[in-house]
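**Q** no sequence on this one, just coordinates:
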Ligand SMILES: Nc1ncnc2c1ncn2[C@@H]1O[C@H](COP(=O)(O)OP(=O)(O)OP(=O)(O)O)[C@@H](O)[C@H]1O
């Protein structure tokens, strides 16, 4: 059978000086799947995402992309393998237009000149394709709402042929309306079936709403892996709270 697992992480460990951020993390992401990564503050979620996107190198462990083992040297290297990340508020250049942002570092040209007309048209088409409503792609990104900015960042990552998309708290600090826009975008991606997504989120209701599976990261390892159809918000909350209580009372893990 063809390899359907988009990403496999095996026994990854990451140390920052004396601090063990990840002790032994293994996870898998199936093709077309949306995986929610949850865990308390400081559990190591961002560290894991930064390893998968090539920003940090792990101290131990292995990674496989579509069945092939990879040793990521950098974010660019990961990107060349179709792994792209969207960080909250970090992805775009505010002073540039929506379409310039979408073609950043891969501008279309006619000879030495920028082909603005083609970039505008393709940006518009692509955003419409993804169900993102941006009235004017020539507008500066600074003029967009937080949700629209996030949507443009996701669209850019997808447009760049990302096959594995890592969203680090895409819904944080967002209004209800903007949150819905991003959730819809993630649903559209899921419907396409060729992009696999890992989302870090603190809102368990949203995780259950949009993800196929959820992984809980606790004391440097994945302690819970379940299909979202088989778990409730209360169960997830209880798992995290129980761990928090254990730590506070010092009764070990
Ligand atoms: N570059 C770094 N240098 C030193 N320590 C780090 C570094 N990055 C993360 N850490 C530490 O590693 C641990 C895990 O941090 P990480 O940001 O991965 O957690 P998180 O689960 O994403 O937390 P949050 O939900 O609060 O964003 C924390 O104790 C953090 O202080």
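**A** Now that the structure is in, tell me what you want to look at. Quantities reported herein were computed from a predicted structural model and do not represent experimental measurements. Numbers count the residues shown, from 1 in each chain.
**Q** What residues of stretch 25-32 count as buried?
**A** By neighbour count on 16 or more other CB atoms under 10 Å, the buried set for stretch 25-32 is 25, 27-29, 31-32. For the C-beta atoms, the positions are set from N, CA and C on the backbone; glycine is no exception.
**Q** who touches residue 97 in this structure?
**A** Neighbour list for residue 97: 137-141 [criterion: CB atoms under 8 Å, 6 or more residues apart in numbering].
**Q** And for residue 61, the neighbour number?
**A** By the criterion of other CB atoms under 10 Å, residue 61 has 16 neighbours.
**Q** Can you tell me the closest non-neighbouring residue to it?
**A** Nearest residue to residue 61, sequence neighbours excluded (CB to CB, 6 or more residues apart in numbering): residue 12, at 3.3 Å.
**Q** for residue 225, same thing?
**A** Residue 225 sits nearest to residue 215 (CB to CB, 6+ apart), 5.2 Å away.
**Q** Can you give the distance of the helix or strand containing that neighbour from its chain's centre?
**A** Assigned by DSSP states H and E, residue 215 belongs to strand 213-218. Distance of strand 213-218 from the chain centroid (CA atoms, centre = their mean, to the nearest Å) equals 14 Å.
**Q** Going along the chain from it, find the next helix or strand for me.
**A** Counting by DSSP H and E, the next helix or strand C-terminal to strand 213-218 is strand 221-227.
**Q** for that following strand, packing partners?
**A** Helices and strands touching strand 221-227, by 3 or more CB pairs under 8 Å, 6 or more residues apart in numbering; DSSP states H and E, are strand 19-30, strand 213-218, helix 233-249.
**Q** The residue nearest to residue 61: what secondary structure?
**A** strand (DSSP: H, G, I helix; E, B strand; the rest coil).
**Q** So what's the residue count around it?
**A** For residue 12, the neighbour count with other CB under 10 Å is 25.
**Q** That one reaches residue 20, doesn't it?
**A** No - between residue 12 and residue 20 there is no contact under CB atoms under 8 Å: 11.6 Å.
**Q** on that earlier part again, distance to the ligand and pLDDT for the buried residues of stretch 25-32 - can I get that in JSON lines?
**A** Output for the buried residues of stretch 25-32, formatted as JSON lines (distance: CB to the nearest ligand atom, whole Å; pLDDT from 0 to 100):
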{"residue": "25", "distance to the ligand": "11", "pLDDT": "98"}
{"residue": "27", "distance to the ligand": "14", "pLDDT": "97"}
{"residue": "28", "distance to the ligand": "20", "pLDDT": "96"}
{"residue": "29", "distance to the ligand": "18", "pLDDT": "97"}
{"residue": "31", "distance to the ligand": "25", "pLDDT": "93"}
{"residue": "32", "distance to the ligand": "25", "pLDDT": "92"}
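**Q** Can you add distance to residue 8 and give these back as TSV?
**A** As requested, the buried residues of stretch 25-32 are arranged in TSV below (distance: CB to CB, whole Å):
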residue	distance to residue 8
25	11
27	8
28	5
29	8
31	12
32	15
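**Q** of those residues, closest to residue 79?
**A** Ranked by distance to residue 79 (CB to CB), the buried residues of stretch 25-32 are led by residue 29 at 16.8 Å.
**Q** Would you quantify the distance from residue 203 to residue 236?
**A** 10 Å (CB to CB, to the nearest Å).
**Q** just the strands in the stretch 1-150 of the chain please.
**A** 5-16, 19-30, 34-38, 60-65, 68-70, 83-87, 109-110, 113-114 (DSSP state E, counting those that start in this stretch).
**Q** Quick one, which of the ones you listed gets closest to residue 147.
**A** Across those, residue 147 has its closest neighbour in strand 83-87 (12.6 Å, CB to CB).
**Q** can that closest one be found next to the ligand?
**A** No - Strand 83-87 stays clear of the ligand (CB under 6 Å from any ligand atom), getting no nearer than 11.1 Å.
**Q** Quickly run through the sheet partners of that strand, with directions.
**A** Strand 83-87 has the following sheet partners, assigned by DSSP bridges: strand 164-168 (parallel).
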